[in-house]
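**Student:** can't give you the sequence, but here's the structure:
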């Protein structure tokens with residue numbers, strides 16, 4: 001089913017074409033909260049910076065992502081979209097995007113083999129530019145589809161986990177084209193990681209459990225931008241927050257924010273709610289599971305479902321009760337203790353909730369839209385490897401966001417500019 005007047009595009013693999021109307025309504029609601037991306041879309045519609053180019057994207061298929069897809073298509077791009085997490089896919093949004101002419105390969109809840117196949121289908125489009133969320137698209141492209149890399153001008157990665165994987169690929173000589181680390185900008189970390197993830201992770205936790213956080217001991221594993229946002233918002237709801245860390249600088253920052261910092265081996269016996277946000281694996285492993293108190297709740301906010309050792313939990317359990325609440329499974333251990341795992345150990349804010357609010361993703365996707373244009377222009381001439389976002393792009397997104405919010409800032413006077421730019425200047 002194709003929207004009237006829309007380019008039908010290549011065939012898609014979606015759950016139900018009949019969901020397109022509902023998807024359009026959800027997308028329209030999200031767009032109301034994305035004023036910066038709307039401005040960029042209008043600009044791209046006039047300038048057509050991606051005319052003749054193909055973009056391959058592996059992203060969470062949500063209403064907010066549809067805003068980025070719309071901006072790229074308005075700029076003339078052919079877009080092929082796969083899901084970066086099957087459990088976060090909104091089937092109605094996938095149907096609406098497919099009806100409008102985007103090649104969409106995403107269905108909620110597909111198995112790992114189908115997930116991998118969808119990434120290959122996206123790469124069949126022979127992309128000029130790529131957008132990744134977690135690194136699976138680029139990993140597949142460089143590792144399994146080397147015949148395609150020669151035409152790729154570059155791309156951007158939107159997560160800390162994905163950037164870490166890219167850096168390791170680059171160090172081993174496996175990254176064949178330039179990738180821009182969109183996650184590293186000050187603007188995105190403020191909006192997406194600290195404010196957005198901090199809010200949406202607790203949203204997912206509360207939807208899945210309806211638990212009162214006031215007075216409870218909440219253990220946050222990892223005190224990067226995401227962990228800090230989660231800790232701040234849990235504390236704001238009255239929780240007693242503990243932090244676990246491996247980085248001494250981040251651990252010190254947590255101490256200075258007023259949190260108790262302990263190793264997980266000690267925190268495991270004290271916590272009532274655990275939220276992992278490290279980007280690593282086995283943050284909560286067998287030894288920690290053995291120490292958990294009855295009724296402990298486990299949630300993961302990291303991109304991959306490796307932070308909580310779900311296999312060890314399942315092996316230790318004598319009984320598993322699925323969906324005691326939506327997206328909450330209860331594991332009963334031999335001694336009668338019950339452990340509640342949220343979202344199967346996957347990213348809780350995108351499985352048990354709707355992910356970050358549109359206002360947050362407006363900033364994150366605006367950065368990626370501008371980065372892709374910069375790469376499409378060919379002026380960057382970047383070598384293969386991981387690169388930062390140009391400061392002027394970060395500043396432009398901040399300026400547009402302030403403008404959309406109605407905020408205003410001062411401008412330097414000539415005397416102030418001269419004073420700040422000269423070591424000879426005096427008051």
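**Tutor:** Sure, I can see it. Since the model is a prediction, treat every value here as computed from it, not as a measurement.
**Student:** pLDDT below threshold where in this protein?
**Tutor:** Scanning the chain with the threshold set as pLDDT under 70 gives 1-9, 379, 425-427.
**Student:** could you chop it up by domain?
**Tutor:** Here the domain assignment for the chain is 17-184+355-405, 193-346, based on automatic domain parsing.
**Student:** first-to-last residue distance for the last one?
**Tutor:** In this case it means domain 193-346. 17 Å (C-alpha to C-alpha, to the nearest Å).
**Student:** and the first one, by the same measure?
**Tutor:** Chord length of domain 17-184+355-405, first to last residue, is 36 Å (C-alpha to C-alpha).
**Student:** adding mean neighbour count, write the domains of the chain out as a markdown table.
**Tutor:** Every C-beta, even on glycine, is put in place using the N, C-alpha and C of the backbone. A markdown table is the format used below for the domains of the chain (neighbours: other C-beta atoms under 10 Å):
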| stretch | mean neighbour count |
| --- | --- |
| domain 17-184+355-405 | 21 |
| domain 193-346 | 19 |
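**Student:** now distance to residue 421 too, for the ones you listed, in JSON lines please.
**Tutor:** Output for the domains of the chain, formatted as JSON lines (distance: least, C-beta to C-beta, whole Å):
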{"stretch": "domain 17-184+355-405", "distance to residue 421": "17"}
{"stretch": "domain 193-346", "distance to residue 421": "31"}
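**Student:** nearest to residue 417, out of these?
**Tutor:** Nearest of the domains of the chain to residue 417, taken as C-beta to C-beta: domain 17-184+355-405 at 16.3 Å.
**Student:** and residue 396, what does it touch?
**Tutor:** residue 370 (C-beta atoms under 8 Å, 6 or more residues apart in numbering).
**Student:** quick one, which of the domains of the chain is nearest to residue 11?
**Tutor:** Among the domains of the chain, domain 17-184+355-405 comes nearest to residue 11, with 7.4 Å by C-beta to C-beta.
**Student:** distance from the chain centre to that closest one, please.
**Tutor:** 11 Å (C-alpha atoms, centre = their mean, to the nearest Å).
**Student:** which parts of the stretch 301-427 of the chain are strands?
**Tutor:** 319-325, 328-332, 338-342, 385-387 (DSSP state E, counting those that start in this stretch).
**Student:** nearest to residue 414, out of the domains of the chain?
**Tutor:** Of the domains of the chain, nearest to residue 414 by C-beta to C-beta is domain 17-184+355-405, at 20.5 Å.
**Student:** what are the phi and psi angles of residue 274?
**Tutor:** Per-residue torsions, residue 274: phi -120, psi 130 (degrees, to the nearest 10).
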